[in-house]
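In: Next one to model:
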Amino acid sequence: MTKNRVIGIGETVLDILFKDDQPQKAVPGGSTFNSIVSLGRAGVPCIMVTEVGGDHIGDIICRFLVENGVSSEFVCRHEGVKSHITLAFLDEHNDAQYVFYKDHASVALDGKLPQIQHDDVVLFGSFFAINPAIRPAVSSMLLNARKAGAWLYYDINFRKTHIPDIPDVMANIEENMRLADVVRGSMEDFDYLYGLHDGEAIYERVSRFCSTLILTDGARSIRIFTPDSCKTYPVQAIETVSTVGAGDNFNAGYIYAMMKGSEDQASRIEMAQRWSQDVCRQIGNNISDELVSSLS
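Out: Numbers count the residues shown, from 1 in each chain. All right, here's what the predicted structure looks like:
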């Protein structure tokens, strides 16, 4: 599969990470954003479609993208609007509990949008990809990507705080799955969305829309469901410093392996876990300089 560029569609925030209730680091973040920045650091041509305020935090975010090799051409800047902030409190297991300071109703994608091409990969997910306030723009991009023959990867990444929104966004979630080549979701995602806890039952539901499901379950094994099989891949236990960017960099590593020509799922999952584990060993959202050097 020959793909030349990754287009990320997702929200952007400033993540402030806390340990023992003390701030440790502030870094631009957001699920798709974290994936795209890591891919940019690895030398993959990337652009990010997102929106930020016309404030100092927005300046930090745009500069961070460029410094990591990602185009900021399609970042919509909104004067008079504050950029989003997320507080991530790491517990004794270095898993994060989040507090979000953002107004989803104020989100707008009213700037320049990319022309998606056949040799593009499109990565999208989280509430940004289903937010009714911007759904017309997001849906148009995804439909154009599908028509162009791009390859689409959808990370559901549904937060508990949005459970009350399910009646308003379920149609958007299922359209996203229908348009995707690969859907990645966690057991937690499908518990929130459908009340399902069994992998086979989850795939039965997802397969109505998309034929390939990557199902993750924290430190438990990863399963990939296709019409022909269900393959299981163990997760290596490691000492973690922060798990904030674990899933995001799993996505990035999977896409990186695919773009480098890996055709088999085992190789893609191996790379995905390598990227995920690397980011878990540090305070931050993106792969390390050491991992970047090892890829060249």
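In: Just the terminal-to-terminal distance for stretch 102-119.
Out: Using Cα to Cα, to the nearest Å, the end-to-end distance of stretch 102-119 comes out at 34 Å.
In: ok, residues contacting that stretch?
Out: Applying Cβ atoms under 8 Å, 6 or more residues apart in numbering, the external contacts of stretch 102-119 come out as 2-5, 7, 11, 13, 47, 49, 51, 73-78, 81, 84-86, 122, 127-128, 131, 133-134, 137-138, 141, 144-145, 148-150. Glycine gets a C-beta too; all of them are placed from N, C-alpha and C.
In: Give me the buried subset of those.
Out: Neighbour-count burial (16 or more other Cβ atoms under 10 Å) applied to these gives 3, 5, 7, 11, 13, 47, 49, 51, 74-78, 81, 84-86, 122, 127-128, 131, 134, 137-138, 141, 144-145, 150.
In: Among those, which are located in strands?
Out: With DSSP state E as the criterion, strands contain 5, 7, 13, 47, 49, 51, 75-78, 84-86, 122 from among these.
In: Which other helices and strands does the lowest-mean-pLDDT helix or strand in the chain contact?
Out: Every helix and strand in the chain was compared by mean pLDDT, DSSP states H and E; the lowest is strand 96-101, with a mean of 87. Contact partners of strand 96-101 among helices and strands, from 3 or more Cβ pairs under 8 Å, 6 or more residues apart in numbering; DSSP states H and E: strand 84-90.
In: What angle do strand 96-101 and the strand it packs on make with each other?
Out: Orientation check (axes from the mean of the first three to the mean of the last three Cα atoms, to 10 degrees): strand 84-90 against strand 96-101 gives 160 degrees.
In: Just checking: what are the partner strands of strand 84-90?
Out: strand 13-19 (parallel), strand 96-101 (antiparallel) (DSSP bridges).
In: what residues does the longest one touch?
Out: Meaning strand 13-19. With Cβ under 8 Å, 6+ apart, strand 13-19 has contacts from 23-30, 33, 57, 60-61, 83-90, 96, 100, 102, 242, 244, 283, 285.
In: returning to that earlier point: can I get the least confident helix or strand of the chain as PDB, trimmed to CA atoms?
Out: What follows is strand 96-101 as a C-alpha-only set of coordinates in PDB (Å, rounded to 0.1, in the frame of the first residue of the first chain):
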ATOM      1  CA  ALA A  96      -4.600   9.600  34.100                       C
ATOM      2  CA  GLN A  97      -7.900  11.100  35.400                       C
ATOM      3  CA  TYR A  98      -8.800  14.100  33.200                       C
ATOM      4  CA  VAL A  99     -10.500  17.400  33.900                       C
ATOM      5  CA  PHE A 100     -11.500  19.200  30.700                       C
ATOM      6  CA  TYR A 101     -11.700  23.000  30.300                       C
END
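In: Can you list the neighbours in contact with it?
Out: In contact with strand 96-101 (Cβ under 8 Å, 6+ apart) are residues 13, 17, 84-91, 159, 161, 242-244.
In: that older thread, buried among the contacts of strand 13-19? Need that as a selection in ChimeraX.
Out: One line in ChimeraX is enough to select the buried members of these, burial here meaning 16+ other Cβ under 10 Å:
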select :24,25,27,28,29,30,33,57,60,61,83,84,85,86,87,88,90,96,100,242,244,285
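In: In this structure Thr232 contacts Arg220, no?
Out: No: using Cβ atoms under 8 Å, Thr232 makes no contact with Arg220, being 9.8 Å away.
In: Not counting residues beside it along the chain, what's closest to His52?
Out: Actually, residue 52 is Val. It isn't His. Gly58 (3.8 Å; Cβ to Cβ, 6 or more residues apart in numbering).
In: What is the longest helix of this structure by residue count?
Out: helix 265-280 (DSSP state H).
In: roughly how far out does that one sit from the chain middle?
Out: Averaging C-alpha positions (Cα atoms, centre = their mean, to the nearest Å) puts helix 265-280 14 Å from its chain's average.
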